[in-house]
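A.B. asks: Need a 3D model of the following:
(2 chains)
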Amino acid sequence: GAVVSQHPSWVICKSGTSVKIECRSLDFQATTMFWYRQFPKQSLMLMATSNEGSKATYEQGVEKDKFLINHASLTLSTLTVTSAHPEDSSFYICSARDIIAGGPAEQFFGPGTRLTVL
Amino acid sequence: AQKITQTQPGMFVQEKEAVTLDCTYDTSDQSYGLFWYKQPSSGEMIFLIYQGSYDEQNATEGRYSLNFQKARKSANLVISASQLGDSAMYFCAMREGKNAGNMLTFGGGTRLMVKP
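C.D. replies: Take a look at the predicted model:
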């Protein structure tokens, strides 16, 4: 089946630093990738939709200058948390849509990245 | 209004018994899809089952079945013969519209705990 990887799987950083999270589709091409954030014991909240070669679409309340998204190729999207603060500590999950595969479950999720900001 | 509502924050079930996890949804679209995902403690989202709004039969995948009641806007997940490995968070999600690339909206989740 389709595989989506995320790197790193966990990261600890100091307040004020920037952190880049990569989301890769390993065996398929993804024109669209989604970035979610999940706080402990809560559901997934969509942050932004990332389209290859164009600007990301951010959900209401998500600061685009703080959460920079780049989708430069059909297999890679990156999320950069700029000037991270403790309140940004969360579990970040990406999903990618297989543009070729048929069927309803074309979105495949990565394993997530746990960010802790000290 | 919440688009996806899961009213059971936590559920216990005895091993080998069946359990139903509730999900109701709200949409004005005629075309939509309903999904169930399992999230174990490791965090990955595991796709379980899908039901399209135009599907006349309830979806089934192994021990998972989806009780789709369109008029009531409910899409409950039934897990038969529960196993200890089924203990996890379960999320119901909806994709609105015909575009398969549309975003998913998730419910609040239900934590299922299977007792030996």
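A.B. asks: who touches A:Gln42 in this structure?
C.D. replies: Contacts here follow C-beta atoms under 8 Å, 6 or more residues apart in numbering or on different chains; on that basis A:Gln42 touches B:Gly108, B:Gly109. Quick note: C-beta positions are derived from backbone N, CA and C, even for glycine.
A.B. asks: Helix, strand, or coil at it?
C.D. replies: Assigned with DSSP: H, G, I helix; E, B strand; the rest coil, A:Gln42 falls in the coil class.
A.B. asks: can you tell me how far it sits from A:Ile12?
C.D. replies: Taking C-beta to C-beta, to the nearest Å as the measure, A:Gln42 and A:Ile12 are separated by 21 Å.
A.B. asks: same question, B:Val78
C.D. replies: Relative to A:Ile12, B:Val78 is positioned 41 Å away (C-beta to C-beta).
A.B. asks: Looking at the two, which one has more neighbours?
C.D. replies: B:Val78 (16 against 12; other C-beta atoms under 10 Å in any protein chain shown).
A.B. asks: pLDDT at the more buried one, what is it?
C.D. replies: At B:Val78, the pLDDT value in this model is 98.
A.B. asks: what does A:Ala72 give?
C.D. replies: We have a pLDDT of 83 for A:Ala72.
A.B. asks: how about the nearest residue to B:Lys38 once chain neighbours are set aside, what does it touch?
C.D. replies: The shortest distance from B:Lys38 to any non-neighbouring residue, by C-beta to C-beta, 6 or more residues apart in numbering or on different chains, is to B:Ile46 (4.4 Å). Listed by C-beta under 8 Å, 6+ apart, the contact set of B:Ile46 reads B:Tyr37, B:Lys38, B:Gln39, B:Pro40.
A.B. asks: ok, so of those, who is nearest chain A?
C.D. replies: Nearest to chain A among the contacts of B:Ile46 is B:Tyr37, at 7.8 Å by C-beta to the nearest C-beta.
A.B. asks: list the contacts for that closest one?
C.D. replies: B:Tyr37 touches A:Phe109, B:Met45, B:Ile46, B:Phe47, B:Leu48, B:Tyr90, B:Phe91, B:Ala93, B:Phe106, counting by C-beta under 8 Å, 6+ apart.
A.B. asks: can you do 6 Å?
C.D. replies: Residues near B:Tyr37 by C-beta atoms under 6 Å, 6 or more residues apart in numbering or on different chains: B:Met45, B:Phe47, B:Phe91.
A.B. asks: Over to A:Lys20?
C.D. replies: Counting by C-beta under 6 Å, 6+ apart, A:Lys20 makes contact with A:Thr78, A:Thr80.
A.B. asks: CA atoms only for stretch A:6-24, dumped as CSV, please.
C.D. replies: Taking C-alpha atoms only, stretch A:6-24 is exported to CSV below (Å, rounded to 0.1, in the frame of the first residue of the first chain):
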residue,chain,number,x,y,z
GLN,A,6,7.5,12.0,8.2
HIS,A,7,10.8,13.2,9.5
PRO,A,8,11.7,13.7,12.3
SER,A,9,9.4,11.5,14.3
TRP,A,10,10.0,13.6,17.3
VAL,A,11,11.9,16.8,18.0
ILE,A,12,12.7,18.9,21.1
CYS,A,13,13.7,22.5,20.5
LYS,A,14,14.3,25.6,22.5
SER,A,15,11.8,28.4,22.4
GLY,A,16,12.4,30.9,19.6
THR,A,17,14.0,28.4,17.2
SER,A,18,12.5,27.1,13.9
VAL,A,19,11.7,23.5,13.2
LYS,A,20,11.2,21.9,9.8
ILE,A,21,9.0,18.8,9.4
GLU,A,22,9.1,16.8,6.2
CYS,A,23,6.3,14.8,4.8
ARG,A,24,7.1,12.4,1.9
